[in-house]
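**Student:** sequence and predicted structure below; questions after.
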Amino acid sequence: MCGITGYVGHRNAVPLLLAGLEKLEYRGYDSSGIGIVASANAKIEISKAPGKIKALKDLLALSPLSPSTLGISHSRWATHGAPSKANAHPHFDCTQKILVVHNGIIENYEELKDRLMQKGHKFLSQTDTEVVAHLIEEHYQGDFLAAVQKALKELKGSFALGILCRDDPDTLIAARLGSPLIIGVGKNENFIASDVPAILDQTKKVIYLKDGEVAVLKSDSVAVYNLASKKVSVKVDTVKFSVESVQKQGFAHFMLKEMHEQPDVIAQILKARVCGDQVVLDGLGLSDAQLKKFNRIFIVACGTAYHAGLLGKYLMEKFAHVPVGVEAASEFRYREQLVDKKTLIIAISQSGETADTLAAVKECRAKGAKIIAICNVVGSSLTRESDGVLYTHAGPEIGVASTKAYTAQLTMLYLLALKLGNVHAVLSKAEQRFLIGELRKIPEHFREILKSKSLIAKIAKPYAHFGCFLFLGRNINYPSALEGALKLKEISYIPAEGYAAGEMKHGPIALIDEYRGVVCIAPQSDIYEKMISNMQEIRARKGKIIAIATAGDEGIKNHSTDVIYIPKTHELLTPLLAALPLQLLAYSVAVHLGCDVDQPRNLAKSVTVE
Ligand code: AGP
């Protein structure tokens, strides 16, 4: 995905556009660019650079753009065409009258490009985006908005667009379909951005543009039109979170800050969602009677959210005895989904903009399923496709590797599973009361684990140069093993595989020797002895083991090279606690290797394209 900012107002556009773009750099950072309409002569000027936004800032310092109060900017995560100056946005049409920045994928760009080239249009890039500028040019006969509306009708795929036209030096046009775009409403100035953090220090008043809508921004007005080009009324929301919540506040990385926020995030969720011994899920959008009618649940998600869903399965089947399938959205969307009106879909997504998750949800909705979203971004696309939304309110998660969003998802899944257990009268009141009591201790347990972050960093150091890692867990900690492996590989680039410990004998044990790191998640549990057996098999083959174990378990030291302890808790809650040492382990290795922890190579915070 990419980052977009736009400005129209009374102030110099360039510093505002760059400041906003820097807050979106987590969305894509392989090249960036900016375009303005010069106030003196209404000429469009652009500046583009491969690499991070700093490269663009350095370029602008050397050759600044003219003063302007109207502009657009873009940071790119390449989908079509390598990261390069030519492929960086913004993109012109032939006349250099129209300028476009884009986030998303124009799926029919090749056929449009062929048609336009046959009409004599000349293209300078390999991107799908450039086609949009030439298509608007094709329709342009003096009416900027009409030309944009006609061009959009020909596009297939997803887009969030910022568009300028030299003949309208006071107008910024924005449009969205399937990719996020918000409008920031200021005093005699207006903004567009891919995400709220980009404009939060300028205004807290936002308009969440809906799919299919086109907005015309001037310094003192915002007009929004629907797909039928009819003007629609707009709702101006006020953003609840603060500017500070999107800054590092003294931490070395956003990821480190967000790991430290987890105790408060979990405490906040419990405070908002547990009243006495009752789970209260406002926003669920379904009554107890409706919940009881579902005979099948599918949890649909990607990446870390998928791992959270895997734990959700264990919990819901245990507490409610309802069959639960967990599906990677990118697979599920293309499978024959056996879904009908008696199916409940639980879609988990931090950003609410993941293309595969959105697509899978739309498929299921079309078949009559009810949709509940567990999501962290208010007003995101997924929340608008759902019958009910359980917001995690973890605050903006800027680090590309998900941490607080993951444990917030887990916490919400515990509560939803308890609710389902209650509705299906499987879980006794006493059991529910006990588990809620144990959940309430989790934030303090997290604070306890955070006190050992220096010890974890010390343990991690000698493992930083291992060739590959195996993460092993059983039962409810099998998802923990998958998530621990993902955390390590996505920020340190060390190959790491999460595996069900019982499956190790069926192949992966061939990997074991003194150069492999093996992380065994082995808290006190009914299958603890099974984990110890696995660890003995690994040690017999000289494997180096880091064990995640329950505080007080001295015996496990005989089967491990190193031990990281988590506080004692109910077996069912150990995945929530195990998440933090696994995050800290991955973080420590990546920092030791000098990796870019917050913006790992090739990744983006939310994958809004297929
Ligand atoms: C996790 O650390 C990654 N950032 C990635 O796997 C992420 O969880 C996945 O892309 C899903 O994103 P979402 O939760 O915003 O849908």
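**Tutor:** Nice, thanks for sending it over. Numbering: from 1, shown residues only.
**Student:** what residues does the stretch 451-600 of the chain have near the ligand?
**Tutor:** Glu490 (CB under 6 Å from any ligand atom). The way it works is simple: take the backbone N, C-alpha and C, and place the C-beta from them, glycine included.
**Student:** burial of whatever residue of the stretch 451-600 of the chain ends up closest to the ligand, as a residue count?
**Tutor:** Here the residue of the stretch 451-600 of the chain nearest the ligand is Glu490; by CB to the nearest ligand atom that distance is 5.7 Å. By the other CB atoms under 10 Å criterion, the neighbourhood of Glu490 contains 21 residues.
**Student:** got the contact list for stretch 243-258?
**Tutor:** When contacts are taken as CB atoms under 8 Å, 6 or more residues apart in numbering, the neighbours of stretch 243-258 outside the stretch itself are 23, 26, 197, 200-201, 260, 395-399, 401, 403-404, 491, 583, 587, 591, 597-598.
**Student:** ok, back up a step: wait, what's in contact with the residue of the stretch 451-600 of the chain closest to the ligand?
**Tutor:** The contact partners of Glu490, taken as CB under 8 Å, 6+ apart, are Val400, Ala401, Pro600, Leu603.
**Student:** take the contacts of stretch 243-258 and keep only those in strands.
**Tutor:** Filtering those for membership in strands, criterion DSSP state E, returns an empty set.
**Student:** in helices, which of those residues fall?
**Tutor:** Among these, the members falling in helices are His260, Lys404, Ile491, Gln583, Tyr587, Val591 (criterion: DSSP state H).
**Student:** now the strands for the stretch 51-200 of the chain?
**Tutor:** Shown for the stretch 51-200 of the chain, the strands assigned by DSSP state E, counting those that start in this stretch span residues 70-76, 91-92, 98-106, 157-165, 172-177, 182-185, 190-193.
**Student:** reformat the ones you listed as JSON lines; add mean neighbour count.
**Tutor:** Below are those laid out as JSON lines (neighbours: other CB atoms under 10 Å):
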{"stretch": "strand 70-76", "mean neighbour count": "30"}
{"stretch": "strand 91-92", "mean neighbour count": "24"}
{"stretch": "strand 98-106", "mean neighbour count": "27"}
{"stretch": "strand 157-165", "mean neighbour count": "25"}
{"stretch": "strand 172-177", "mean neighbour count": "26"}
{"stretch": "strand 182-185", "mean neighbour count": "24"}
{"stretch": "strand 190-193", "mean neighbour count": "28"}
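**Student:** can you put those in CSV and add distance to Ala417 and mean pLDDT?
**Tutor:** Formatted as CSV, the strands of the stretch 51-200 of the chain follow (distance: least, CB to CB, whole Å; pLDDT from 0 to 100):
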stretch, distance to Ala417, mean pLDDT
strand 70-76, 39, 94
strand 91-92, 48, 96
strand 98-106, 35, 92
strand 157-165, 33, 93
strand 172-177, 35, 96
strand 182-185, 33, 96
strand 190-193, 36, 98
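**Student:** so Ala301 touches Ser349, yeah?
**Tutor:** Yes: in this structure, Ala301 is within contact of Ser349 by CB atoms under 8 Å, at 6.3 Å.
**Student:** what touches both of the two?
**Tutor:** The overlap between the contact sets of Ala301 and Ser349 (CB under 8 Å, 6+ apart) consists of Thr357.
**Student:** who's in contact with the closest residue to Ser525 other than its chain neighbours?
**Tutor:** Computed as CB to CB, 6 or more residues apart in numbering, the closest residue to Ser525 that is not its neighbour in sequence is Glu571, at 4.4 Å. By CB under 8 Å, 6+ apart, the contact list for Glu571 reads Ile476, Pro523, Gln524, Ser525, Asp526.
**Student:** so what's the backbone phi/psi at the closest residue to the ligand within the chain?
**Tutor:** Of all residues in the chain, Gly303 sits closest to the ligand, at 1.9 Å by CB to the nearest ligand atom. When read as degrees, to the nearest 10, the backbone of Gly303 gives phi 60, psi -130.
**Student:** so the closest residue to it other than its chain neighbours, which of the three states?
**Tutor:** Here the nearest residue to Gly303 in space, its sequence neighbours aside, is Leu486; by CB to CB, 6+ apart that works out to 6.8 Å. For Leu486, the reduced secondary structure class is helix; criterion used: DSSP: H, G, I helix; E, B strand; the rest coil.
**Student:** mind listing the helices for the stretch 1-150 of the chain?
**Tutor:** 13-22, 53-62, 109-118, 129-139, 144-153 (DSSP state H, counting those that start in this stretch).
**Student:** reformat those as a markdown table; add mean pLDDT.
**Tutor:** Shown next, in a markdown table, are the helices of the stretch 1-150 of the chain (pLDDT from 0 to 100):
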| stretch | mean pLDDT |
| --- | --- |
| helix 13-22 | 94 |
| helix 53-62 | 94 |
| helix 109-118 | 95 |
| helix 129-139 | 97 |
| helix 144-153 | 96 |
